[in-house]
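>>> model this:
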Amino acid sequence: MKKFFVFLFLLPSLSFALGGGDWYEKGNGGFVVMCDEKALMVFDLYEAQVRYKMSFDSRALGSLDERIEYLLAKFDKHNKSRASLYRRWYKEFFQEAEFIPNAKFNPTGDIGFGYIPKNCSLEQVVFQRAPNILNQFRYVINLDLWQALSIENQAALVMHELIYRELTLPPNIHESSEAARYFNALLNSEQFQKLSYQQYILTLQELRFSKADYGDLIIVVGEKKLEGGWYKIPVDFFDQDHLKSATLDNVQNFKRGKFVYDSRCAAEATDVGTVVSFFPQGQIRLLAIRQTFPDLCGLPYFDYENAETKLRLHGTRWSFNEAGQLITLAGDYNVNSEVQIAFHLKGIKFEFGAQPQIIIPLLFNFDDNERISEFMLGTSACFDPAEKTVRMNATTVGSNIFFNYEGLEREVEALGACLIP
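Now for the predicted structure:
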């Protein structure tokens, strides 16, 4: 295992204070440590060696592309969506970059705490800011310093910009590069591959990242409070590598058989989330959706179909078995003058027409073949034989009626007849 090449001795420290101001105004930057007659080193790698005592991962140094892909591939074990995001940004990196020769950049005030030997200096190599009237390019790069960097340092500098770019986007807006530098240092170290999934998630929470992955799901691990400060979203584990429960990110799409989760929340929609719990080997056991979710995002659905019936079921509470089959679907439907409930089973229509706003609970249970075995209406109902329609009653919400699918016709006919107005 190769250690970082030590070319600096730790002397009395020089600290850098965080500058204030809006990120749009100040942008952010990537720095190198410069000492007389010594090779330049990206500040992140210097801190990895001196401040955090990490061991450098010296694999894949043949070219910049090779090194970047090697670093991004490290995410594939725990966080493929982050790897995909960074790959997309790296693909565009040099089209969005302007290289300036014979220049010295005024440093941005986003360093936070850090130290270097007193006989050395920090030099800014990259200035990053979203393109606008002030700067045509996202990345403005000091050409002379860039060309003086080794492959591993160029790669570390690029990764710093990609990581920090994420951390300046809502909801994880950072005003200092300190967390980005640590994460970049860790990524470039031998220690990164040794992280368990739990250690990786806890690291993201400590560094105030907002999102992570669990399999094909995107989960939320932290968010900025409306009143200021940062809140760590609860994440529970069975063991070092398996989640017990978490909160899903607002925007994502996934399928489990005929079940479809297609959340379309706006990025600014906060405090919505779906709580998901798992079986020990990672399969979804339960999805519990907050009451505010449907109006903002659109409910998940299950397309139910057999020889007699075809309908789309929505709900806010979904239970699955370890084989991924749906067991129970429950929903508290917010019915009003515009939102109505209507579905067909065995040629019988179940209807809750336009009413003043009211919450009505529905529940469906399924057998091992995902066929409806029984269901419940959280209201009283009557039967209109002429229209073959069960009409639910808005005045008696809370009166539960259970129907067995096999005996549905008989149980429906046993309901009281609807009064003709």
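>>> following the helix or strand of the chain with the lowest mean pLDDT in sequence, what is the next regular element?
Scoring the helices and strands of the chain by mean pLDDT, DSSP states H and E places helix 23-26 at the bottom, with a mean of 45. Going down the chain from helix 23-26, the next helix or strand is strand 28-34, by DSSP states H and E.
>>> pull the residues that contact the helix or strand just after that next one.
Counting by DSSP H and E, the next helix or strand C-terminal to strand 28-34 is strand 41-42. For strand 41-42, contacts defined as CB atoms under 8 Å, 6 or more residues apart in numbering pick out 7, 8, 30, 31, 32, 33, 149, 153, 156, 157, 160. Yep, even glycine has a C-beta here, placed from its N, CA and C like the rest.
>>> swap in stretch 159-168?
Outside stretch 159-168, the residues that touch it by CB under 8 Å, 6+ apart are 23, 28, 30, 42, 44, 68, 71, 82, 85-86, 89-90, 93, 126, 128, 139, 172-174, 177, 179-181, 183-184, 187-188, 208-209.
>>> other SSEs contacting the helix or strand that contains residue 344?
Using DSSP H and E, residue 344 maps to strand 341-345. Applying 3 or more CB pairs under 8 Å, 6 or more residues apart in numbering; DSSP states H and E, one finds that strand 341-345 makes contact with strand 310-314, strand 348-352.
>>> pLDDT below threshold where in the stretch 301-421 of the chain?
Along the stretch 301-421 of the chain, segments meeting pLDDT under 70 span 334-341, 353-357, 394-398, 420-421.
>>> related to what we said a few turns ago, and the contacts of strand 41-42 as TSV, adding pLDDT, neighbour count and distance to residue 403?
Converted to TSV, the contacts of strand 41-42 look like this (pLDDT from 0 to 100; neighbours: other CB atoms under 10 Å; distance: CB to CB, whole Å):
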residue	pLDDT	neighbour count	distance to residue 403
7	29	13	77
8	29	16	76
30	90	28	64
31	93	28	68
32	95	26	71
33	95	24	73
149	97	19	71
153	97	23	69
156	98	29	64
157	98	25	65
160	97	29	61
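>>> just the buried subset of the contacts of stretch 159-168, please.
Buried members of the contacts of stretch 159-168, scored by 16 or more other CB atoms under 10 Å, are 23, 28, 30, 42, 44, 68, 71, 82, 85-86, 89-90, 93, 126, 128, 139, 172, 174, 177, 179-181, 183-184, 187-188, 208-209.
>>> how about the strands of the stretch 51-200 of the chain, start to end?
97-100, 121-128, 139-142 (DSSP state E, counting those that start in this stretch).
>>> run a quick check on residue 187 versus residue 74, I expect a contact.
Yes: with contacts counted by CB atoms under 8 Å, residue 187 reaches residue 74, the gap being 6.3 Å.
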